[in-house]
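J.: Got a predicted model here, sequence first, then my questions.
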Amino acid sequence: MAVEAALWDDLLEGEEVAHLTTLASVEAQTVALPDELEPRLREALPVSELYLHQRAAWDAARRGEHVILATGTASGKSLGFNLPVLDAIAREPKTRALYLYPTKALAQDQARALAELRAPNVRAAIYDGDTPAERRWQIRKWANVILTNPDMLHVGVLPHHDRWADVMHNLRYLVVDEAHVYRGVFGSHVGNVLRRLRRLAGVYGAEPQLLLASATIANPGDLATSLAGIEAKVVDNDTAARAERTVVLWNPELLDAELGLRASALGDASRLLAALVSRGLRTICFAKSRKAAELIHRFTAERVDAETAARLAPYRAGYTPEQRRQIERRLVEGDLLGVSATDALELGIDIGLLDCAISVGFPGTVASLRQQWGRAGRRSHGLAVLVASEDALDQYFMREPDTLLDRQVEAAILDHANPRVLDGHVRAAAFEAPLDDDDRSTLGAEALERAALLPELRQTKAGYVWAGRDYPAAQFGLRSTTPDTFAVVEAQSGTILGLVERERAYSTVHEGAVYLHLGESYLVRELDLRARAALVTSYKGDYYTQAKKDTNTAIEETLRTEHRCGLELSFGRISVTERVVAYQKKSVRDQSTLETVELDLPETSFETEAIWYMPEPDQLTGLERMPTLLGTLHAAEHSMIALLPLWAMCDRWDIGGLSTNIHFQTDAPTVFIYDGHPGGVGITERGFNAFEGWVEDTARMLEGCPCTDGCPSCVQSPKCGNLNEMLDKAGALVLLRRMVAASTSGS
């Protein structure tokens, strides 16, 4: 072990190492294979014993319970959910199982693993957007393990369930892998897709048993309930072996303490990656964007010799299936030494035995970071590195490593009953089969309430039926709360590059905006409001754009009010009205403002969930005069938004905020923090529940930042509608400290 560790020891001696620790190895706890296992399946299995948690999942499944298995990476979750399914198919080949994966790559990986297992009677096939049309009817006819994704289930299976009658009638198991991915808007949609599937299976006389697998999260039982409407047995005691692991928090050199400017995280990551692969250490480097993954690959290839460079590859969405399969195969076979990837490889794809994992920038959740780090050192001593960006949360972790390394993983939150998500699924369900009171048990009572209000549904003796044209599932996707989108169109070729929700269109694809797609930059030439299209052309300039917005909030309904942290804290529904009034061109090199351009665009408004608080006069003593008051509230709002992802499983881009010295409804200085998605998905409700800890973390983050007046590592936000004007870091720290003091004194 010591010899292997020495391979990277000398790389970890610079000032950039903010924290270094070694996690001890853990012995596995195992038990013999169950006696009742079908004999031919027992013969085919590559193992002679199970981890205790795999056995617990088997026992619960045998009792007919729904199960959610929530353990760490490389803990054998796949075998945990495969065993009951394969045992049932070995005994009765007509048994059907549907496996649901969030990505095509995962389905490919599981199909490979099932083929290698050669379990008796198993006929596995992938049914997704890449499946040729002529193969589809064959798969429906003969496959008894069908691997697909939620999007295909939503639009390609459920609306055409008559073609799937035999599958539905014999559907005994529904496997949902990587369940923690189904959170926020996407999870809320998938929750409805699973309910529609369970309902249709019932129409065909089946009642599938659900087997869910998830990374370690705080609320696996709640997730199973909110995702599928079921009570599931939680198995979360991880008994797998774990190798020793060196964990490093790496902070690029501070170039300007006052501006908070540091050396490039991408540059440092590529330097580390180059050094590790040059020593023959197989390394994966995770980046937060496709462009970053491509740049790290390029920088690394330039730092190593030609032979090593040939054994490096980037991996991201946007490649063809063949390109991705080739990279996956080269990884498994050991041909590749280094891969720079987006989080597409974070999930449970078996990519062989890696030595090191580098994460560039905190990926948004502790659960996600552990998934990435878990890719390395599966069998022997591994190295896990977090290279910090300038972001406030990253810098907070560099100064307070224990708040990252000792933190409990987050809870995955979703809200399937959010009307903006639910309505499309109610229409789709009514198209699939008439909706009546019996459907409350699967679709939920809210679905029946919405059905009575939707004009496209007609009430008949059989229940609510679809009275519109075409089929409704095709009218909306699963990754947004709104069907109202703008197409981003490449002007020369007419190619649609992507879709942007209307709420975001005015701030991201306005005329003059720089738009990023697949690592390429485009300049928006025209935003056609009538045609719902943004025309873009390729762009090679050295500036980026940031929109300036006027935002107003109106409280629609207060759902909860409590005295917390010495002030009145409320949670409820608000409407947010935004108008993009200008944009700034900012230099890529030093973030300086090159030009401010005015815009004339319509306002948008949406309803969402929010928390809001009004500091008491004594908490604002010495801060009550303008402009200090506004700067204090604005900086407090920004810094709290930066830290909320720690408490809710979300990204700072999912959250919005507004602070004002006097709000027209509260008649007092007020800070609002709201879900950035129409209808809300439970993010700020989680913040309400954890308010004291959230405020305390935020105060500690501000205290630790070395700048004087505020920087990107504390109070400046990359998405501020006011372009980071009027921010008072010192005032925000005074206010937050007073809130913490009130919370600890119980006042």
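T.: On my side now, so go ahead. Residues are numbered from 1 along each chain as shown.
J.: Identify the residues contacting residue 541.
T.: Counting by Cβ atoms under 8 Å, 6 or more residues apart in numbering, residue 541 touches 514, 521, 523. In short, each C-beta sits where N, CA and C put it, glycine included.
J.: Among these, which one lies nearest to residue 36?
T.: Distance to residue 36, by Cβ to Cβ, is smallest for residue 521 among the contacts of residue 541, at 59.9 Å.
J.: Wasn't residue 385 part of a strand?
T.: Yes. If the criterion is DSSP: H, G, I helix; E, B strand; the rest coil, then residue 385 is within a strand.
J.: looking at it, it is touching residue 355, isn't it?
T.: No. With contact defined as Cβ atoms under 8 Å, residue 385 does not reach residue 355; the gap is 11.7 Å.
J.: If you count surrounding residues, which of the two has more?
T.: residue 385 (28 against 24; other Cβ atoms under 10 Å).
J.: quick one: residue 545 is in a strand?
T.: Yes. With three-state DSSP as the criterion, residue 545 is part of a strand.
J.: neighbours around it, how many?
T.: With other Cβ under 10 Å as criterion, residue 545 counts 20.
J.: Report the beta-bridge partners for it.
T.: Beta bridges link residue 545 to residue 585, judged by DSSP bridges.
J.: Enumerate every residue touching it.
T.: Taking Cβ under 8 Å, 6+ apart as the definition, contacts of residue 545 comprise 512, 513, 514, 583, 584, 585, 586.
J.: Return the residues in contact with the second one.
T.: Contacts were defined as Cβ under 8 Å, 6+ apart; by that measure residue 513 touches 523, 524, 545, 547, 583.
J.: okay, which residue is most central for this protein?
T.: Residue closest to the mean C-alpha point of the chain, counted by Cα atoms, centre = their mean, is residue 181 at 5.8 Å.
J.: Touching, that one and residue 102? I think so.
T.: Yes. Between residue 181 and residue 102 a contact is recorded at 4.5 Å, counting by Cβ under 8 Å.
J.: got the residue ranges for the strands in the stretch 51-200 of the chain?
T.: Here the stretch 51-200 of the chain has its strands, by DSSP state E, counting those that start in this stretch, at 66-70, 96-100, 124-126, 145-148, 171-176.
J.: want to throw the ones you listed into JSON lines with mean neighbour count, mean pLDDT and distance to residue 599?
T.: Below are the strands of the stretch 51-200 of the chain laid out as JSON lines (neighbours: other Cβ atoms under 10 Å; pLDDT from 0 to 100; distance: least, Cβ to Cβ, whole Å):
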{"stretch": "strand 66-70", "mean neighbour count": "26", "mean pLDDT": "96", "distance to residue 599": "47"}
{"stretch": "strand 96-100", "mean neighbour count": "25", "mean pLDDT": "97", "distance to residue 599": "43"}
{"stretch": "strand 124-126", "mean neighbour count": "21", "mean pLDDT": "96", "distance to residue 599": "46"}
{"stretch": "strand 145-148", "mean neighbour count": "24", "mean pLDDT": "96", "distance to residue 599": "43"}
{"stretch": "strand 171-176", "mean neighbour count": "24", "mean pLDDT": "98", "distance to residue 599": "44"}
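J.: returning to what we had before: out of the contacts of residue 545, flag the one nearest to residue 489.
T.: Lowest distance from residue 489 to the contacts of residue 545 (Cβ to Cβ) belongs to residue 513, with 14.0 Å.
J.: What separation do you get for the closest one and residue 108?
T.: 36 Å (Cβ to Cβ, to the nearest Å).
J.: now swap in residue 439 and tell me
T.: Counting by Cβ to Cβ, the gap from residue 439 to residue 108 is 35 Å.
J.: Residue 619 now?
T.: Distance from residue 619 to residue 108, by Cβ to Cβ: 56 Å.
J.: same check, this time on residue 31
T.: Separation of residue 31 from residue 108 (Cβ to Cβ): 31 Å.
J.: tell me which element residue 525 falls in.
T.: Assigned by DSSP states H and E, residue 525 belongs to strand 520-528.
J.: Return the list of helices and strands in contact with that strand.
T.: In terms of contacts (3 or more Cβ pairs under 8 Å, 6 or more residues apart in numbering; DSSP states H and E), strand 520-528 is packed against strand 485-490, strand 514-517, strand 533-538.
J.: Go through those strands and name the closest to residue 330.
T.: Here strand 514-517 is closest among these (Cβ to Cβ), at 26.7 Å.
J.: Might you report the residue contacts of residue 686?
T.: By Cβ under 8 Å, 6+ apart, the contact set of residue 686 is 411, 413, 647, 648.
J.: show me what contacts the second one?
T.: Contacts for residue 413 (Cβ under 8 Å, 6+ apart) come out as 183, 184, 187, 226, 648, 649, 650, 681, 682, 683, 685, 686.
J.: if I read this right, the fifth one contacts residue 687, doesn't it?
T.: This points to residue 648. Yes. Assessed by Cβ under 8 Å, residue 648 is found in contact with residue 687 at 6.2 Å.
J.: May I have the secondary structure class of residue 201?
T.: Applying three-state DSSP to residue 201 yields a three-state assignment of helix.
J.: close enough to count as contact, it and residue 172?
T.: No. Residue 201 is not in contact with residue 172 according to Cβ under 8 Å; the separation is 9.6 Å.
J.: Name the residues contacting each of those two.
T.: The contact sets of residue 201 and residue 172 overlap at residue 208 (Cβ under 8 Å, 6+ apart).
J.: tell me the strands in the stretch 351-500 of the chain, going along the chain?
T.: Assigned by DSSP E, counting those that start in this stretch, the strands in the stretch 351-500 of the chain fall at 356-360, 382-387, 457-460, 463-466, 485-490, 496-501.
J.: Least reliable of the ones you listed by average pLDDT, please.
T.: In terms of average pLDDT, strand 496-501 trails the rest of these, at a mean of 74.
J.: Report the inter-axis angle for that one versus strand 533-538.
T.: Angle, strand 496-501 to strand 533-538, by axes from the mean of the first three to the mean of the last three Cα atoms, to 10 degrees: 130 degrees.
J.: Strand 496-501 pairs with which strands, and in what direction?
T.: Here strand 496-501 has these sheet partners by DSSP bridges: strand 485-490 (antiparallel).
J.: Okay, buried residues for the strand it pairs with please.
T.: 485, 486, 487, 488, 489, 490 (16 or more other Cβ atoms under 10 Å).
J.: just those residues now: which is nearest residue 148?
T.: So of these, ranked by how close each gets to residue 148 (Cβ to Cβ), first place is residue 485, at 24.4 Å.
J.: Please consider this matter closed, and thank you.
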